[in-house]
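1. Output the structure for:
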Amino acid sequence: MASTLLVVLLATLWPTPLDQGYEGAVNRFMSVLYRSGVPLWFGYNKLEFTANIIMFVPIGFLVSLLLPQRIWWLAIIICPAFSVGIELTQATFLSARFATPLDVASNSIGALIGIAVAMILRSLVYQRDQLIISRALWERGIRP
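-> Residues are numbered from 1 along each chain as shown. Okay, here's the model as predicted:
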């Protein structure tokens, strides 16, 4: 969790935008995407939006798993609040960065996807555990 958090904080709170000075590389990457079948309407803004979603999937996943199962839903509050905190920090202290509500939205979408995946996995593990327990009891002749 700490390494994931560190990467997100470095990416979001770096004094200058991460793509600054790499416009050529970004354009070459976009060209590769277009040659690979990505439609032309998928421009840089959509790439950045998608990257923000992807960046926050592990945050949502890990936060929801770190919380006890009975209060997993707090991740739905914590992750967007974390994103808002990042954007407020950018707006207040990082003059070269741009804080936008769209970034909060994309980060929150990513976190919600991560939370959903974590909850699905928790449910599957719980169901598996119940089957294992039931089978172990049955094999010992104990009827619930």
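
2. now the helices for this structure?
-> Using DSSP state H, the helices found in the chain span residues 2-13, 23-35, 44-66, 75-93, 101-139.

3. For the shortest one, which outside residues touch it?
-> Helix 2-13 is contacted by residues 18, 55, 56, 58, 59, 62, 86, 89, 90, 94 when judged by CB atoms under 8 Å, 6 or more residues apart in numbering. All C-beta spots, glycine's among them, are computed from the backbone N, C-alpha and C.

4. at 6 Å instead, please
-> 55, 58, 86 (CB atoms under 6 Å, 6 or more residues apart in numbering).

5. Stretch 80-100 too?
-> Contact partners of stretch 80-100, identified using CB under 6 Å, 6+ apart, comprise 12, 15, 16, 103, 104, 107, 108.

6. who's in contact with the fifth one?
-> Going back to what we said before, that points to residue 104. With CB under 6 Å, 6+ apart, residue 104 has these contacts: 83, 84, 87.

7. What is the nearest of the contacts of helix 2-13 to residue 76?
-> Of all these, residue 76 sits closest to residue 58, with 15.9 Å by CB to CB.

8. Highest neighbour count among the contacts of residue 104?
-> Counting neighbours by other CB atoms under 10 Å, residue 83 comes out on top of these with 23 neighbours.

9. Name the nearest residue to that one, sequence neighbours excluded.
-> Once flanking residues are discounted, residue 83 sits nearest to residue 107: 3.8 Å by CB to CB, 6 or more residues apart in numbering.

10. pretty sure the one you found contacts residue 58?
-> No. Taking contacts as CB atoms under 6 Å, residue 107 lies outside contact range of residue 58: 11.8 Å.

11. Looking at those two, which is more packed in?
-> Taking neighbours as other CB under 10 Å, residue 107 and residue 58 compare with residue 107 leading, 27 against 19.
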